[in-house]
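Asker: Give me the fold of what follows.
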Amino acid sequence: MRSLIILLALCLSGRAFPQGTFQLAVLKYNGGGDWYANPTAVPNLVKFCNQQLGMNINPEVPFVEVGSPDIFNYPWLDVTGHGNITFSPQEAQNLRNYLIGGGFLHVSDNYGIDQFLRPALKLVFPELDLVELPFSHPIYHQKFDFPRGLPKIHEHDGKPAQGFGLIWEGRLICFYDYQCDLGDGWEDPDVHNDPPELHRKALEMGANMVQYVFGGAEQ
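Answerer: The predicted structure is shown next:
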């Protein structure tokens, strides 16, 4: 856990980072859901943040298992999928320790994960509920302004996009985009044939999240 605390201290100091100081990672989970979906998503987000925010995040995005101590090497874990996600008691405790210790979890609903994600997160934080963040929350007002909250990237059920969070002792430790699909929007444009304006909006919202969590040259 000490390595994670050191990484977060560096990230939040606002200093310029040498290339490769820290990495974002994709979380590998059990249950049969496709944790490996959207392989170009997070690498594209990293590239965009480095270009637009003047950051130097390592461009390599590894996969890391939820129960592994390796998660403490990465201050941001990204989750996506369409189906089942389960945590064993050990995995839930490991993820809890990671988040309490300073880590951040982003979950993108790739359509179908919601019914499985919510009980999984309850195993990690039984005392917390996902709460919808108001449009005034600073995560929507970093370098890029989203006065109406999350952009709607994919149709899904036609419901409005919503941003939910888990808040621990006043800190946002998990952000969950629902009925939005930021992960699909971050992918190479030819994967889902998203129009350029939606691809850009998805990346801008992702950059806002990164800037909110880590700071950056633009802040």
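
Asker: quick one, longest helix in the protein?
Answerer: In the chain, assigned by DSSP state H, the helix with the most residues is helix 196-214.

Asker: Pull the number of nearby residues for Phe135.
Answerer: Residues near Phe135, counting by other C-beta atoms under 10 Å, number 13. Using the backbone N, CA and C atoms, a C-beta is placed for each residue, glycine as well.

Asker: now it, nearest residue through space, not along the chain?
Answerer: Taking C-beta to C-beta, 6 or more residues apart in numbering, and ignoring the residues beside it in sequence, Phe135 has Gly149 as its nearest neighbour in space, at 4.7 Å.

Asker: Tell me, what's the model's pLDDT at that neighbour?
Answerer: At Gly149, the predicted lDDT confidence score is 97.

Asker: which is the next helix or strand following the least confident helix or strand in the chain by mean pLDDT?
Answerer: Averaged element by element with mean pLDDT, DSSP states H and E, the chain has its least confident helix or strand at helix 2-12 (a mean of 44). As assigned by DSSP states H and E, the chain's next helix or strand after helix 2-12 is strand 24-28.

Asker: Next, the angle helix 196-214 makes with that next one.
Answerer: With axes from the mean of the first three to the mean of the last three C-alpha atoms, to 10 degrees defining the directions, strand 24-28 sits at 100 degrees from helix 196-214.

Asker: Centre of the chain to strand 24-28, how far?
Answerer: Computed by C-alpha atoms, centre = their mean, to the nearest Å, the chain-centroid distance of strand 24-28 equals 9 Å.

Asker: tell me the mean pLDDT over it?
Answerer: Throughout strand 24-28, pLDDT has a mean value of 97.

Asker: What strands line up against it, and which way round?
Answerer: When pairing is defined by DSSP bridges, strand 24-28 lines up against strand 63-65 (parallel), strand 76-81 (parallel).

Asker: So for it, what gets flagged as buried?
Answerer: Buried residues in strand 24-28, defined by neighbour count with 16 or more other C-beta atoms under 10 Å: 24-28.

Asker: Can you tell me which of the residues you listed comes closest to Asn44?
Answerer: Leu24 (11.3 Å; C-beta to C-beta).

Asker: quick one on the thing from earlier: contacts made by the longest helix of the chain with the rest, please.
Answerer: By C-beta atoms under 8 Å, 6 or more residues apart in numbering, the residues outside helix 196-214 that reach it are 11-12, 44-45, 48-49, 52-53, 55, 57, 75-76, 104, 106, 138-144, 146, 150-151, 153, 172, 175, 177, 182, 184-186, 189, 194, 216, 218-219.
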